[in-house]
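[1] could you look at this predicted model? Sequence included:
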Amino acid sequence: EAGVTQFPSHSVIEKGQTVTLRCDPISGHDNLYWYRRVMGKEIKFLLHFVKESKQDESGMPNNRFLAERTGGTYSTLKVQPAELEDSGVYFCASSQRFNTETQYFGPGTRLLVL
Amino acid sequence: AQTVTQSQPEMSVQEAETVTLSCTYDTSESDYYLFWYKQPPSRQMILVIRQEAYKQQNATENRFSVNFQKAAKSFSLKISDSQLGDAAMYFCAYSWNSGNTPLVFGKGTRLSVIA
(Lines give C-alpha, C1' and ligand atoms only; values in the text may rest on other atoms or scores of the structure.)
Protein backbone atom coordinates (compact mmCIF):
# COMPACT_ATOMS: atom_id res chain seq x y z
CA GLU A 1 0.00 0.00 0.00
CA ALA A 2 1.41 3.38 -0.99
CA GLY A 3 1.93 5.91 1.75
CA VAL A 4 1.12 9.59 1.77
CA THR A 5 2.94 11.36 -1.03
CA GLN A 6 3.66 15.05 -1.49
CA PHE A 7 4.83 17.06 -4.45
CA PRO A 8 7.13 18.85 -4.92
CA SER A 9 9.71 17.81 -2.36
CA HIS A 10 11.36 21.23 -2.56
CA SER A 11 10.28 24.59 -3.90
CA VAL A 12 12.22 27.84 -4.04
CA ILE A 13 10.25 30.90 -5.08
CA GLU A 14 10.51 34.64 -4.81
CA LYS A 15 8.35 36.78 -2.58
CA GLY A 16 5.11 37.63 -4.35
CA GLN A 17 5.00 34.48 -6.45
CA THR A 18 2.47 31.69 -6.20
CA VAL A 19 3.17 28.11 -5.17
CA THR A 20 0.88 25.10 -5.11
CA LEU A 21 1.64 22.09 -2.99
CA ARG A 22 -0.01 18.75 -3.56
CA CYS A 23 -0.77 15.89 -1.21
CA ASP A 24 -2.01 12.42 -2.12
CA PRO A 25 -3.30 10.64 0.98
CA ILE A 26 -3.37 6.90 1.53
CA SER A 27 -6.14 5.42 -0.60
CA GLY A 28 -9.41 5.26 1.28
CA HIS A 29 -8.40 7.72 3.98
CA ASP A 30 -11.20 10.23 4.47
CA ASN A 31 -9.26 12.51 6.81
CA LEU A 32 -6.55 14.73 5.42
CA TYR A 33 -4.52 17.23 7.43
CA TRP A 34 -2.04 19.95 6.54
CA TYR A 35 0.66 21.01 8.98
CA ARG A 36 3.61 23.37 8.76
CA ARG A 37 6.92 23.54 10.54
CA VAL A 38 8.78 26.82 10.49
CA MET A 39 12.50 26.49 11.23
CA GLY A 40 13.11 25.78 14.92
CA LYS A 41 9.46 25.87 15.83
CA GLU A 42 6.78 23.30 16.53
CA ILE A 43 4.86 21.57 13.80
CA LYS A 44 1.62 23.53 13.62
CA PHE A 45 -1.77 22.45 12.36
CA LEU A 46 -3.18 24.31 9.37
CA LEU A 47 -6.41 22.57 8.41
CA HIS A 48 -8.35 19.34 8.29
CA PHE A 49 -10.52 17.86 5.53
CA VAL A 50 -13.05 15.11 5.92
CA LYS A 51 -13.47 13.90 2.38
CA GLU A 52 -13.94 17.09 0.38
CA SER A 53 -15.25 19.22 3.25
CA LYS A 54 -13.16 21.49 5.44
CA GLN A 55 -13.71 20.24 8.97
CA ASP A 56 -11.38 22.69 10.69
CA GLU A 57 -9.34 25.47 9.15
CA SER A 58 -8.54 27.32 12.35
CA GLY A 59 -4.81 27.01 11.78
CA MET A 60 -4.68 28.73 8.41
CA PRO A 61 -2.48 31.81 8.90
CA ASN A 62 -4.31 34.20 6.57
CA ASN A 63 -6.26 34.45 3.34
CA ARG A 64 -3.14 34.03 1.22
CA PHE A 65 -3.49 30.31 1.87
CA LEU A 66 -6.12 28.33 -0.01
CA ALA A 67 -6.64 24.60 0.39
CA GLU A 68 -8.83 22.39 -1.72
CA ARG A 69 -9.69 18.72 -1.88
CA THR A 70 -11.85 18.23 -4.90
CA GLY A 71 -13.55 14.84 -5.03
CA GLY A 72 -12.20 13.91 -1.63
CA THR A 73 -8.97 12.45 -2.99
CA TYR A 74 -5.81 14.53 -3.32
CA SER A 75 -5.48 17.99 -1.82
CA THR A 76 -3.70 21.15 -2.89
CA LEU A 77 -2.47 24.02 -0.78
CA LYS A 78 -1.87 27.25 -2.66
CA VAL A 79 0.05 30.19 -1.27
CA GLN A 80 -0.61 33.42 -3.17
CA PRO A 81 1.26 35.73 -2.93
CA ALA A 82 4.05 34.08 -0.97
CA GLU A 83 5.81 36.01 1.79
CA LEU A 84 9.16 35.37 3.45
CA GLU A 85 7.53 34.05 6.62
CA ASP A 86 5.80 31.31 4.64
CA SER A 87 9.09 29.44 4.38
CA GLY A 88 9.09 26.11 6.14
CA VAL A 89 8.23 22.46 5.69
CA TYR A 90 4.63 21.67 4.84
CA PHE A 91 3.45 18.25 5.91
CA CYS A 92 0.36 16.39 4.89
CA ALA A 93 -1.14 13.54 6.90
CA SER A 94 -4.09 11.24 6.45
CA SER A 95 -6.10 8.90 8.60
CA GLN A 96 -8.95 6.45 8.20
CA ARG A 97 -12.56 7.42 8.76
CA PHE A 98 -12.69 5.02 11.68
CA ASN A 99 -9.74 4.14 13.87
CA THR A 100 -8.93 7.76 13.31
CA GLU A 101 -6.40 8.36 16.02
CA THR A 102 -3.30 7.50 13.97
CA GLN A 103 -2.25 9.97 11.33
CA TYR A 104 0.20 8.89 8.62
CA PHE A 105 2.52 11.58 7.35
CA GLY A 106 4.00 12.38 3.99
CA PRO A 107 7.65 13.38 3.52
CA GLY A 108 6.83 17.07 3.44
CA THR A 109 7.45 19.88 0.99
CA ARG A 110 10.31 22.20 1.86
CA LEU A 111 9.33 25.72 0.78
CA LEU A 112 11.80 28.57 0.67
CA VAL A 113 10.59 32.06 -0.15
CA LEU A 114 13.37 34.48 -1.08
CA ALA B 1 -5.18 25.30 25.03
CA GLN B 2 -3.25 22.09 24.88
CA THR B 3 0.53 22.33 24.78
CA VAL B 4 3.33 19.82 24.44
CA THR B 5 6.83 20.49 25.76
CA GLN B 6 10.01 18.67 24.86
CA SER B 7 12.74 20.14 27.04
CA GLN B 8 15.68 18.39 25.35
CA PRO B 9 16.50 19.92 21.95
CA GLU B 10 19.32 17.40 21.44
CA MET B 11 20.32 14.08 22.94
CA SER B 12 22.99 11.54 22.17
CA VAL B 13 23.40 7.89 23.05
CA GLN B 14 26.03 5.23 22.52
CA GLU B 15 25.06 2.37 20.29
CA ALA B 16 23.46 -0.48 22.28
CA GLU B 17 22.77 1.79 25.24
CA THR B 18 19.41 3.08 26.50
CA VAL B 19 18.14 6.64 26.19
CA THR B 20 15.03 8.38 27.48
CA LEU B 21 13.41 11.34 25.74
CA SER B 22 11.20 13.58 27.85
CA CYS B 23 7.79 15.01 27.03
CA THR B 24 5.26 16.85 29.15
CA TYR B 25 1.89 18.13 28.10
CA ASP B 26 -0.89 20.28 29.40
CA THR B 27 -4.57 19.53 28.92
CA SER B 28 -7.81 19.69 30.82
CA GLU B 29 -9.26 16.75 28.90
CA SER B 30 -9.51 13.28 30.41
CA ASP B 31 -9.69 11.32 27.15
CA TYR B 32 -6.83 11.81 24.74
CA TYR B 33 -4.02 10.12 22.81
CA LEU B 34 -0.28 10.62 22.99
CA PHE B 35 2.21 9.78 20.27
CA TRP B 36 5.88 9.66 19.52
CA TYR B 37 6.79 10.24 15.90
CA LYS B 38 10.25 9.78 14.40
CA GLN B 39 11.61 11.76 11.46
CA PRO B 40 14.89 10.36 10.12
CA PRO B 41 17.12 12.52 7.92
CA SER B 42 15.26 11.19 4.85
CA ARG B 43 12.31 13.25 6.18
CA GLN B 44 9.42 10.73 6.18
CA MET B 45 7.82 11.02 9.60
CA ILE B 46 6.67 7.69 11.01
CA LEU B 47 4.71 6.71 14.08
CA VAL B 48 6.85 5.05 16.75
CA ILE B 49 4.36 4.43 19.51
CA ARG B 50 0.90 5.46 20.67
CA GLN B 51 -0.70 5.62 24.12
CA GLU B 52 -4.37 5.97 24.97
CA ALA B 53 -4.86 8.05 28.11
CA TYR B 54 -7.49 5.70 29.51
CA LYS B 55 -5.04 2.80 29.50
CA GLN B 56 -2.90 2.48 32.61
CA GLN B 57 -0.49 0.05 31.00
CA ASN B 58 2.46 1.66 29.27
CA ALA B 59 2.67 1.04 25.54
CA THR B 60 5.58 -1.00 24.16
CA GLU B 61 6.77 -1.59 20.61
CA ASN B 62 9.84 -3.78 20.46
CA ARG B 63 12.76 -1.65 21.71
CA PHE B 64 10.55 1.37 22.25
CA SER B 65 8.50 1.87 25.39
CA VAL B 66 6.86 4.77 27.14
CA ASN B 67 6.53 5.86 30.73
CA PHE B 68 3.08 7.44 30.88
CA GLN B 69 2.39 9.33 34.09
CA LYS B 70 -1.11 10.74 33.68
CA ALA B 71 -1.24 12.70 36.93
CA ALA B 72 2.10 14.32 36.19
CA LYS B 73 1.17 14.78 32.51
CA SER B 74 4.41 13.19 31.49
CA PHE B 75 5.03 10.90 28.51
CA SER B 76 8.66 9.87 28.08
CA LEU B 77 10.04 7.56 25.41
CA LYS B 78 12.65 4.95 26.23
CA ILE B 79 14.75 3.46 23.46
CA SER B 80 16.61 0.31 24.48
CA ASP B 81 19.59 -1.21 22.69
CA SER B 82 19.97 1.91 20.55
CA GLN B 83 20.88 1.40 16.92
CA LEU B 84 22.41 3.72 14.34
CA GLY B 85 19.07 3.76 12.53
CA ASP B 86 17.43 5.32 15.59
CA ALA B 87 19.17 8.61 14.84
CA ALA B 88 16.37 11.03 13.99
CA MET B 89 14.22 13.89 15.15
CA TYR B 90 11.64 12.67 17.64
CA PHE B 91 8.36 14.51 18.10
CA CYS B 92 5.96 14.05 20.96
CA ALA B 93 2.35 14.78 20.01
CA TYR B 94 -1.09 14.96 21.61
CA SER B 95 -4.54 14.44 20.15
CA TRP B 96 -7.74 15.27 21.96
CA ASN B 97 -10.45 12.65 22.25
CA SER B 98 -10.49 9.70 19.90
CA GLY B 99 -9.23 11.28 16.75
CA ASN B 100 -10.51 13.55 14.02
CA THR B 101 -8.69 16.27 15.83
CA PRO B 102 -5.41 17.91 14.94
CA LEU B 103 -2.17 16.81 16.53
CA VAL B 104 -0.40 19.22 18.86
CA PHE B 105 3.36 18.76 18.63
CA GLY B 106 6.37 19.53 20.76
CA LYS B 107 9.42 21.18 19.22
CA GLY B 108 11.22 17.88 18.85
CA THR B 109 14.38 16.25 20.18
CA ARG B 110 17.24 15.46 17.82
CA LEU B 111 18.76 12.12 18.78
CA SER B 112 22.26 11.19 17.70
CA VAL B 113 23.55 7.63 18.02
CA ILE B 114 27.29 7.23 18.46
CA ALA B 115 28.94 4.10 17.13
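    That came through, no problem.

[2] what helix or strand does the spatially most central residue of chain A sit in?
    For chain A, residue A:34 is the residue whose C-alpha lies nearest the centre (C-alpha atoms, centre = their mean; 3.4 Å). Assigned by DSSP states H and E, residue A:34 falls within strand A:31-37.

[3] for the very next helix or strand once past that strand, packing partners?
    For strand A:31-37, the following helix or strand on the C-terminal side (DSSP H and E) is strand A:43-50. The contact analysis (3 or more C-beta pairs under 8 Å, 6 or more residues apart in numbering or on different chains; DSSP states H and E) places strand A:43-50 against strand A:31-37, strand A:53-56, strand A:65-68, strand B:103-105. Yep, even glycine has a C-beta here, placed from its N, CA and C like the rest.

[4] strands paired with the second one, and their directions?
    Strand pairing for strand A:53-56, using DSSP bridges, gives strand A:43-50 (antiparallel).

[5] how about the longest one?
    If you go by DSSP bridges, strand A:31-37 pairs up with strand A:43-50 (antiparallel), strand A:88-95 (antiparallel).

[6] CSV for those strands, including distance to residue A:67 and mean pLDDT?
    Shown next, in CSV, are these (distance: least, C-beta to C-beta, whole Å; pLDDT from 0 to 100):
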stretch, distance to residue A:67, mean pLDDT
strand A:43-50, 6, 95
strand A:88-95, 10, 95
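
[7] deepest of those strands, which one?
    strand A:88-95 (a mean of 23; mean count of other C-beta atoms under 10 Å in any protein chain shown).

[8] about what we covered before: not counting its neighbours along the chain, what's nearest the residue nearest to the centre of chain A?
    Computed as C-beta to C-beta, 6 or more residues apart in numbering or on different chains, the closest residue to residue A:34 that is not its neighbour in sequence is residue A:46, at 4.1 Å.

[9] how much space separates that neighbour from residue B:96?
    17 Å (C-beta to C-beta, to the nearest Å).

[10] again, but for residue B:53
    From residue B:53 over to residue B:96 (counting by C-beta to C-beta), the distance is 10 Å.

[11] and if you look at residue B:108?
    20 Å.

[12] ok, the two, which is more surrounded?
    Just comparing residue B:108 and residue B:96: by other C-beta atoms under 10 Å in any protein chain shown the higher neighbour count belongs to residue B:108, 23 against 18.

[13] quick check: pLDDT value at the more buried one.
    Listed pLDDT for residue B:108 reads 95.

[14] please apply the same query to the one 4 residues further on.
    The pLDDT attached to residue B:112 in the predicted structure is 97.

[15] report how many residues lie close to it.
    Residue B:112 has 13 nearby residues by other C-beta under 10 Å.

[16] also residue B:63?
    13.

[17] now it: how far from chain A?
    20 Å (C-beta to the nearest C-beta, to the nearest Å).
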